[in-house]
Structure formats: structure tokens, C-alpha cells
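Participant: Dropping a prediction and its sequence here:
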Amino acid sequence: MKSPQQFTAIIEREGDGYISLCPELDIASQGDNIEEARQNFIEALELFFETADPSEVKNRLYSDRL
């Protein structure tokens, strides 16, 4: 069994709402408030991992570490 992977989540105010970003995977989302931005961010990560080819995940995770 693989150990859980942890990712950075940055949530910042932008205009009238909030943006959320995972710099390790270059995935972003947004919401009207912090909680909505967080929930939308989690959904975006889940969808990415459900649909992305394993090579895409590997490329995004390790491209800055070479």
C-alpha cells in the first residue's frame, strides 16, 4: 500500500473571491469564500487524479526537481 502524498494548498483572496493553488501539480480552482475555494480545490485534485494519465502526474510532480 502506498503512503499518502501531501500537497501544498495556497488559498489567497483575489478580487471578490478566493483562488486556491497546488504549486506541485499546477492545479488551481476558485470560490466565493475560503471554504468554497477549498472544496472546489479538493474536487479539482480528485478529478485530476481520476482522469490523468500516470505519466502526466509524474511529469507534473517531478518536472521542477530534475
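Facilitator: Nice, thanks for sending it over.

Participant: Run through the bridge partners of Gly31.
Facilitator: Listed by DSSP bridges, the beta-bridge partners for Gly31 are Tyr18.

Participant: how near is the residue nearest to Glu12 when sequence neighbours are not counted to Ala52?
Facilitator: Excluding its sequence neighbours, the residue lying closest to Glu12 (CB to CB, 6 or more residues apart in numbering) is Ile19, at 5.8 Å. Glycine gets a C-beta too; all of them are placed from N, C-alpha and C. Separation of Ile19 from Ala52 (CB to CB, to the nearest Å) stands at 21 Å.

Participant: remind me, longest helix of this structure?
Facilitator: helix 34-51 (DSSP state H).

Participant: what inclination does the helix or strand that that one is followed by have with respect to helix 34-51?
Facilitator: Sequence order places helix 54-62 as the next helix or strand after helix 34-51, per DSSP states H and E. Interaxial angle, helix 54-62 versus helix 34-51 (axes from the mean of the first three to the mean of the last three CA atoms, to 10 degrees): 130 degrees.

Participant: quick one: average pLDDT of helix 54-62?
Facilitator: Averaging pLDDT along helix 54-62 yields 85.

Participant: Just checking the distance from the helix or strand of the chain with the lowest mean pLDDT to the centre of its chain.
Facilitator: When the helices and strands of the chain are scored by mean pLDDT, DSSP states H and E, helix 54-62 comes last with a mean of 85. Relative to the chain's own centre, helix 54-62 is displaced by 13 Å; criterion: CA atoms, centre = their mean, to the nearest Å.

Participant: List the buried residues for it?
Facilitator: For helix 54-62, burial by neighbour count (16 or more other CB atoms under 10 Å) applies to Arg60.

Participant: Not counting that helix itself, show me its contacts.
Facilitator: 24-26, 48-49 (CB atoms under 8 Å, 6 or more residues apart in numbering).
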